[in-house]
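1. from the sequence below, what's the structure:
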Amino acid sequence: MSVTTHIARWDLDKTYLRTEFDTLRDLVKTAFERPDQKITNPGASTLLREMVRAGVRVHILSGSPEQMRRRLEDKLRLDGITWDSFTLKPNLQNVLRLRFRAVRDQLGYKLPALLASRARLAHAGEPGLGVTETLFGDDAEADAYVYSLYADFLAGRLGEELLLDVLKRGRVYEDVVHAAMDTARTIEHAGVVERILIHLDQQTPPDDFRAYGPRVVPFYNYLQAAFVLHEDRRLGPDGVLRVAVELVTEHRFDGDALARSYQDLARRGHLRGLHLDALAEELDGWLALGKIPAVDELKTLMARLPAMADNARAVWRDEEQVLPDYIALVEAHNRRRRR
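-> Modelled structure (predicted):
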């Protein structure tokens, strides 16, 4: 068995897949869609495949109901995605137990699932403290809140007492609270969550996430996520270029749009302007092999990156990771319930 060194935890709805579930009609439509009818967000499947190719292990954690497992797994297989674990929400069980809050609640579902998955690493013989993580979510639910809470607990920045208070204030069912706390007490603490990437499906202003500190990166498209992962050394330069090619050939991006993706992240202080030489060398290697798709757009991107990287280095600040006020934020942790 290969040893895990880095994990990517992915949500599905609105993160990987274009999913609508704001109305009953949306829910019914989503439930009956065939795997080949489900639409992947532009660039997401390419990025995920490239991360797997780079040796990253994939763990799926989705709020979709357990009854959709077969269709969702078939969709991922169609996209060429492999994974290590696949966790879905037991909504039917919640309804049968009259736990109607749990159907929409994310704190009481995702946080215990994350803690349990982390605890299982030690039982599986993995080098627990050495396994780092990148978390992918979206702005339609509570992902930034839950992921940040999880990351800060693992890092030892918040204690069991505060975690317990958050779960109680978040109206998590009592038995779930007890189980989550029992699991939390078995986990070794280390700063293992490198990055939390939030897909702006709802077009939430990026500044809304500043409360969570520099670890959380809101992004509009998956080339932006690829740029961040490349700087983190979790994605090779070939992976970045393949995501760019997909956006050009399948989603009508041009070279300017590719460059603006980098510029936007740099302006917001999420890039350090590193490793552009690796991207340039990779593109040169592609060109030496002959005709490649989206060549003009890739050349435009590479021509503009050096100046943008200078701007990124000028803006970049090595900020200390802050501890969000989780108590103040917990009442609004479920965005859809608040609306």
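2. the stretch 51-200 of the chain: helices as residue ranges?
-> 69-78, 91-96, 100-104, 107-123, 143-154, 160-169, 174-184 (DSSP state H, counting those that start in this stretch).
3. tell me which of those is the most buried.
-> Ranked by mean neighbour count, the helices of the stretch 51-200 of the chain are led by helix 143-154 with a mean of 26 (mean count of other CB atoms under 10 Å). The way it works is simple: take the backbone N, C-alpha and C, and place the C-beta from them, glycine included.
4. pull the distance from the longest strand anywhere in the chain to the chain's centre.
-> What stands out as the longest strand in the chain, according to DSSP state E, is strand 57-65. The chain centroid and the centroid of strand 57-65 are separated by 10 Å, computed with CA atoms, centre = their mean, to the nearest Å.
5. can you redo the helices of the stretch 51-200 of the chain as JSON lines with distance to Glu297 and mean pLDDT?
-> Shown next, in JSON lines, are these (distance: least, CB to CB, whole Å; pLDDT from 0 to 100):
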{"stretch": "helix 69-78", "distance to Glu297": "27", "mean pLDDT": "96"}
{"stretch": "helix 91-96", "distance to Glu297": "43", "mean pLDDT": "69"}
{"stretch": "helix 100-104", "distance to Glu297": "41", "mean pLDDT": "67"}
{"stretch": "helix 107-123", "distance to Glu297": "37", "mean pLDDT": "91"}
{"stretch": "helix 143-154", "distance to Glu297": "31", "mean pLDDT": "97"}
{"stretch": "helix 160-169", "distance to Glu297": "46", "mean pLDDT": "96"}
{"stretch": "helix 174-184", "distance to Glu297": "47", "mean pLDDT": "95"}
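6. for Asp310, which of those helices is the nearest?
-> helix 143-154 (29.8 Å; CB to CB).
7. gap between Thr87 and Leu279?
-> Using CB to CB, to the nearest Å, we find Thr87 at a distance of 34 Å from Leu279.
8. likewise Lys110?
-> Per CB to CB, Lys110 is found 34 Å from Leu279.
9. name the nearest residue to Trp316, sequence neighbours excluded.
-> Arg272 (4.9 Å; CB to CB, 6 or more residues apart in numbering).
10. that neighbour belongs to a helix?
-> No: using DSSP: H, G, I helix; E, B strand; the rest coil, the secondary structure at Arg272 is coil, not a helix.
11. my read: it touches Ala312, true?
-> Yes: between Arg272 and Ala312 there is a contact at 6.2 Å, judged by CB atoms under 8 Å.
12. make a markdown table out of the helices of the stretch 51-200 of the chain and add distance to His6.
-> Formatted as a markdown table, the helices of the stretch 51-200 of the chain follow (distance: least, CB to CB, whole Å):
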| stretch | distance to His6 |
| --- | --- |
| helix 69-78 | 19 |
| helix 91-96 | 30 |
| helix 100-104 | 31 |
| helix 107-123 | 12 |
| helix 143-154 | 14 |
| helix 160-169 | 25 |
| helix 174-184 | 22 |
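13. so which of those is nearest His251?
-> Nearest of the helices of the stretch 51-200 of the chain (CB to CB): helix 69-78, 18.2 Å.
14. contacting residues around Phe86?
-> Ile60, Arg69, Leu72, Glu73 (CB atoms under 8 Å, 6 or more residues apart in numbering).
15. switch to 10 Å and redo it
-> Trp10, Leu12, Val58, His59, Ile60, Leu61, Ser62, Arg69, Leu72, Glu73, Leu76 (CB atoms under 10 Å, 6 or more residues apart in numbering).
16. what's the pLDDT at it?
-> pLDDT for Phe86: 97.
17. how many neighbours does the nearest residue to Leu274 once chain neighbours are set aside have?
-> Sequence neighbours aside, Glu231 is the residue nearest to Leu274 in space, at 5.1 Å (criterion: CB to CB, 6+ apart). Using other CB atoms under 10 Å, Glu231 has 20 neighbouring residues.
18. ok, back up a step: so which of the helices of the stretch 51-200 of the chain comes closest to Thr300?
-> Minimum separation from Thr300 across those (CB to CB) falls at helix 69-78, 31.8 Å.
19. what angle do that closest one and strand 57-65 make?
-> Interaxial angle, helix 69-78 versus strand 57-65 (axes from the mean of the first three to the mean of the last three CA atoms, to 10 degrees): 140 degrees.
20. hang on, the earlier thing: neighbouring strands of the longest strand of the chain in the sheet, and parallel or not?
-> When sheet partners are counted by DSSP bridges, strand 57-65 sits next to strand 6-10 (parallel), strand 85-89 (parallel).
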